[in-house]
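[1] need a structure here:
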Amino acid sequence: MIEIIPAIDIIEGKAVRLSQGDYDLKKVYNEDPLEVAKLFEGHGINRLHIVDLDGAKANRIVNYNVLERIASRTNLIIDFGGGLKSDYDLGIAFDSGAEMVTVGSIAVKNPEMFQKWIGKFGSESIILGADCKERKIAVSGWTETTDEEVIPFIEKWRRQGILKVICTDISRDGMLTGPNIDLYKEIKDVDREIYLIASGGISNIKDIEQLEEAHIPGVIIGKAIYEGKIELKDLIKFIENPD
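    Predicted coordinates:
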């Protein structure tokens with residue numbers, strides 16, 4: 001069963017979505033992200049992906065108060081990313097209620113620190129963010145594209161103990177054009193044991209079904225929910241009932 005992970009992106013404390021990571025193409029969907037989180041939880045969802053877009057731009061955690069409100073007022077299991085550049089930032093994220101953090105830029109720019117975090121916080125708590133544009137890793141809130149190829153990048157960190165990877169195809173993010181299933185299949189072909197979370201381009205229920213058929217363990221869904229392309233009630237069939 002594929003894991004359904006709705007996303008809440010935060011700018012100035014509000015729930016927003018961008019298109020292809022462009023801050024100039026911001027659309028506000030709710031003034032209070034807690035309302036959105038409670039709506040997800042009310043439909044049986046137990047996971048949430050929060051991205052601090054202000055933090056990604058500022059290179060430090062910014063919207064930790066939003067994380068704290070959601071974590072303290074729901075039972076959602078939250079992973080948090082955006083602007084996590086120091087031990088201090090990670091400490092705030094975990095203290096504010098995140099059970100996992102997603103880190104991308106540091107894994108490129110300061111691999112020694114990222115390796116230290118894996119050892120200190122554990123592989124279950126650190127998710128590798130492998131955001132790519134034309135298969136090249138992008139960092140710093142997607143404003144900078146590196147020369148690192150996405151699959152070797154993931155393989156390198158898998159050897160260092162990473163268990164979970166969120167791979168976002170930036171060209172598809174927020175565009176509702178469908179996920180890059182070929183890329184995800186290729187990653188899984190290289191490493192069948194990886195817990196790969198697909199992100200970017202999800203536009204309808206069929207996209208999720210295709211990812212599940214390809215044995216992709218998890219999927220992040222954002223704009224498709226906010227734009228009504230996917231209704232929360234239609235996700236119930238993908239959500240395991242613990243009872």
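[2] This protein: helices as residue ranges?
    33-42, 53-58, 64-73, 87-95, 105-109, 111-121, 150-159, 181-190, 205-213, 223-226 (DSSP state H).
[3] Provide a list of residues in contact with Arg47.
    When contacts are counted by Cβ atoms under 8 Å, 6 or more residues apart in numbering, Arg47 touches Glu3, Ile4, Ile5, Pro6, Leu76, Ile77, Ile78, Asp79. For every residue, glycine as well, the C-beta is placed using N, CA and C.
[4] So Ala214 is in contact with Asn180, correct?
    No: look at Ala214 against Asn180 with Cβ atoms under 8 Å: they stay out of range, at 11.2 Å.
[5] Those two - which one has more neighbours?
    The neighbour comparison of Ala214 against Asn180 (other Cβ atoms under 10 Å) goes to Asn180, with 20 against 16.
[6] Find the residue at the geometric middle of the protein.
    The centroid of the chain falls nearest to His49 when counting by Cα atoms, centre = their mean (5.2 Å).
[7] Run a quick neighbour tally on the spatially closest residue to Arg60 that is not a sequence neighbour.
    Spatial nearest neighbour of Arg60, chain neighbours left out: Gly83 (5.1 Å); criterion: Cβ to Cβ, 6 or more residues apart in numbering. A count of nearby residues for Gly83, using other Cβ under 10 Å, gives 25.
[8] roughly how far apart are Gly83 and Val51?
    Here Gly83 is placed at a distance of 9 Å from Val51 (Cβ to Cβ, to the nearest Å).
[9] in this protein, which segments are predicted with low confidence?
    Scanning the chain for pLDDT under 70 picks out 240-243.
[10] and Lys85, what does it touch?
    Asn59, Arg60, Ser105, Ile106.
[11] From these, pick the one nearest Tyr88.
    Arg60 (8.3 Å; Cβ to Cβ).
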